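In: Here you go, sequence then predicted model.
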Amino acid sequence: MFRLIAGPCTVESREQTLTTARAVAAGGAVMLRGGAWKPRTSPHSFQGLGHAGLRILAEARAETGLPIVTELTDVREIDAVLEVADVIQVGARNMSNSALLTEIGRSGRPALLKRGAAATIDDLLAAADYILAEGNEDVTLCERGIRTFETSTRFTLDVAAVPVLKERTRLPVIVDPSHAAGRRELVRPLALAAVAAGADGLIVEVHPNPAEALCDGPQALTTAEFAAFADDVYALAAAVAPAPSLAAAA
Ligand code: PEP
Ligand code: MN
């Protein structure tokens, strides 16, 4: 089944997170995303609420029933994250952090592994192997844009990664159009391209007031526009013939 995951980039406050969680639940998301620890480029940028952020996510799950995907940035916090995360996210910056991958593998918790901005598809699959090698087979791969010479988008969405990964692995493949786009106007077309290419799901950022967001505001869909976006995504997903994985057919 097609999976639409949505929520704020970062848990900033109880109100911001609960407002977003209610909106994405009403709009048809099946999982809530939100970071408690953020791997920011600059140490002077907001780093997330940490444990307090996890508690807010737990509250959002209790209220909406949506399972939670949240990022583990530091292996020392794995026990805390395991208390709240239904799915543990490995961010692009940590894709090659083998110690982190191994511990997530040992935990047995489902993982969402994002492709590094400078990682090849082979690199991504090798990183997934660290989790799989521990006997944890519940790994979802995520294409989120790669670094190229093009500067008009934040990253270049590698749409071809979707069918290529589907040839190479049975693992589900989802796409994050938000980080690839870098700005809200481009999220919908990239999302639809990903669905048309056969993605098993999407993960998108949503904020009640993106102008005030502490992280990634320009690329966040508003809570007000999320339901229409979700309708379009689900309609296309239903129209795209379920492409059987070539690996599965082999
Ligand atoms: C995120 O999902 O908010 C995030 C930081 O993404 P990425 O690791 O792909 O940059
Ligand atoms: Mn983000």
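Out: Ah, there it is. Residues are numbered from 1 along each chain as shown. Ligands and ions are numbered 1, 2, ... in the order given.
In: Which single residue of this protein ends up nearest ligand 1?
Out: Nearest residue of the chain to ligand 1, counting by CB to the nearest ligand atom: G91, 3.0 Å away. C-betas here are computed from N, CA, C, even on glycine.
In: K114 is in contact with that residue, correct?
Out: Yes: assessed by CB atoms under 8 Å, G91 is found in contact with K114 at 5.5 Å.
In: The two: which has the busier surroundings?
Out: Counting neighbours by other CB atoms under 10 Å for G91 and for K114 shows that K114 has the greater number, 26 against 22.
In: ok, now how distant is the more buried one from R183?
Out: In this view, K114 and R183 are 19 Å apart by CB to CB, to the nearest Å.
In: Could you do G135 as well?
Out: Taking CB to CB, one finds G135 at 41 Å from R183.
In: who has more neighbours, the two?
Out: Set G135 next to R183 and count neighbours by other CB under 10 Å: R183 wins out with 13 against 9.
In: pLDDT weak spots in the chain?
Out: 241-250 (pLDDT under 70).
In: buried sites along the helix of greatest length in the chain?
Out: For the chain, the longest helix by residue count, based on DSSP state H, is helix 223-239. Buried residues in helix 223-239, counting neighbours by 16 or more other CB atoms under 10 Å, are found at T223, F226, F229, A230, V233, L236, A237.
In: my read: the fourth one touches G27, true?
Out: What it means is A230. Yes: contact criterion CB under 8 Å: A230 and G27 qualify, at 4.4 Å.
In: Need the overlap of contacts for those two.
Out: Common neighbours of A230 and G27, using CB atoms under 8 Å, 6 or more residues apart in numbering, are A6.
In: Can you tell me how far A6 is from A191?
Out: As judged by CB to CB, A6 and A191 stand 11 Å apart.
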